[in-house]
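>>> 3D, please:
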Amino acid sequence: MDIDVLGALAVRENGLSVTPTAPKPRQVLALLALHADQVVPVATLIEELWNDRPPRSARTTLQTYVLQLRDLIATALRRDPEGAEPRSAKDVLVTTPGGYLLNTAGGTSDVREFERLAGLGYRAMDAGDFPGAARQLGEALSLWSGSALADVQTGTQLEMETRRLEETRLCALDQRIEADLRLGRHRELLGELTVLVSRYRTHENLHGQFMLALHRSGRRSEALDVYQRLRAVLVRELGFEPSAGLRRLQRSILMSGPEPVLDPVAAGGGGERLSRVS
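Numbers count the residues shown, from 1 in each chain. Sure thing, here's the model as predicted:
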């Protein structure tokens, strides 16, 4: 079974789609796909479908959705190669004590591949291998074709999972940009960072990277304008001043001293608390 969730939901068995069109069965499949080869408790599936107000028939209705998914899987299993060990839909969408499990039988998962490539990229960054980090993280990010589960109606559980996935994507993006900056690719980054800071208006590290790329490209006044716009948004919308790291970067650009180096954590991208406006 091959699973894609980093964009539209697509689940295939033997190359044939087993993704239903009805919204609630899609939710069930999406949650099972995100936790492929792991048991998803019935209670978790019911919470996803109906939040804290499940109908009395919730378990029976969930079983109906599972049967619908198994019908699609059974059709796809007819394409199993001759001589392959016989499988039924219940072998793929498995009933377990207290839940269900989607058995991928060694198939692909774009989430797993993303996490593998991103992990290689992070290790390359730690080792100072910036070309390798930029390459591995770039390959990881290329697996995304849009927001995770972009075409799936999401309940409590899927909403939490999609937020988690978005955070992992932003972390990989941050580190890939950091690797590119260390490789002197500041001019190539300007267009991408222009879009990113517009999309993520309070993301300090992306703004700091944009400031650094502009400054290195000889656009000092524009770099300082980026800081002022970010500060205005943070103060107005969140009641916080920019972090100490970002303020140091601004002062360094103002003084036009030695070329500043952005510390992602100190700039607010990895843990330092923002300073509240007094």
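>>> Now the host helix or strand of residue 176: average pLDDT?
Here residue 176 sits within helix 156-182, counting by DSSP states H and E. Average pLDDT, helix 156-182: 97.
>>> Likewise for stretch 66-74?
97.
>>> How about stretch 82-91?
91.
>>> Grab the CA positions of it and hand them over as CSV.
Only the C-alpha atoms of stretch 82-91 are listed here, as CSV (Å, rounded to 0.1, in the frame of the first residue of the first chain):
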residue,chain,number,x,y,z
GLU,A,82,-0.4,-14.4,-9.7
GLY,A,83,1.3,-16.7,-7.2
ALA,A,84,1.2,-14.1,-4.5
GLU,A,85,0.0,-15.2,-1.1
PRO,A,86,-3.8,-14.7,-1.0
ARG,A,87,-4.9,-11.6,1.0
SER,A,88,-8.3,-10.4,2.0
ALA,A,89,-9.4,-6.8,2.8
LYS,A,90,-9.4,-7.8,6.5
ASP,A,91,-5.7,-8.5,6.2
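>>> ranges for the helices of the stretch 51-200 of the chain?
Assigned by DSSP state H, counting those that start in this stretch, the stretch 51-200 of the chain shows helices spanning 58-77, 89-92, 110-126, 130-141, 156-182, 186-199.
>>> Redo the ones you listed as JSON lines? Include mean neighbour count and distance to residue 256.
To be clear about C-beta, it is placed using only N, CA and C from the backbone, and glycine gets the same treatment. Compiled in JSON lines, these are given as follows (neighbours: other Cβ atoms under 10 Å; distance: least, Cβ to Cβ, whole Å):
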{"stretch": "helix 58-77", "mean neighbour count": "17", "distance to residue 256": "62"}
{"stretch": "helix 89-92", "mean neighbour count": "17", "distance to residue 256": "63"}
{"stretch": "helix 110-126", "mean neighbour count": "17", "distance to residue 256": "29"}
{"stretch": "helix 130-141", "mean neighbour count": "20", "distance to residue 256": "26"}
{"stretch": "helix 156-182", "mean neighbour count": "18", "distance to residue 256": "19"}
{"stretch": "helix 186-199", "mean neighbour count": "15", "distance to residue 256": "16"}
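>>> and those as JSON lines, adding distance to residue 150?
Listed next are the helices of the stretch 51-200 of the chain as JSON lines, based on distance: least, Cβ to Cβ, whole Å:
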{"stretch": "helix 58-77", "distance to residue 150": "20"}
{"stretch": "helix 89-92", "distance to residue 150": "25"}
{"stretch": "helix 110-126", "distance to residue 150": "13"}
{"stretch": "helix 130-141", "distance to residue 150": "16"}
{"stretch": "helix 156-182", "distance to residue 150": "9"}
{"stretch": "helix 186-199", "distance to residue 150": "15"}
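>>> Determine which of the ones you listed approaches residue 98 most closely.
helix 58-77 (11.5 Å; Cβ to Cβ).
>>> Report the distance from stretch 86-99 to the chain centre.
Offset of stretch 86-99 from its chain centre (Cα atoms, centre = their mean, to the nearest Å): 29 Å.
>>> hang on, the earlier thing: wait, which of the helices of the stretch 51-200 of the chain is closest to residue 5?
Among these, if distance is taken as Cβ to Cβ, the winner is helix 110-126, at 5.9 Å.
>>> The closest one vs helix 156-182, what angle?
Helix 110-126 and helix 156-182 meet at an angle of 30 degrees, taking axes from the mean of the first three to the mean of the last three Cα atoms, to 10 degrees as the criterion.
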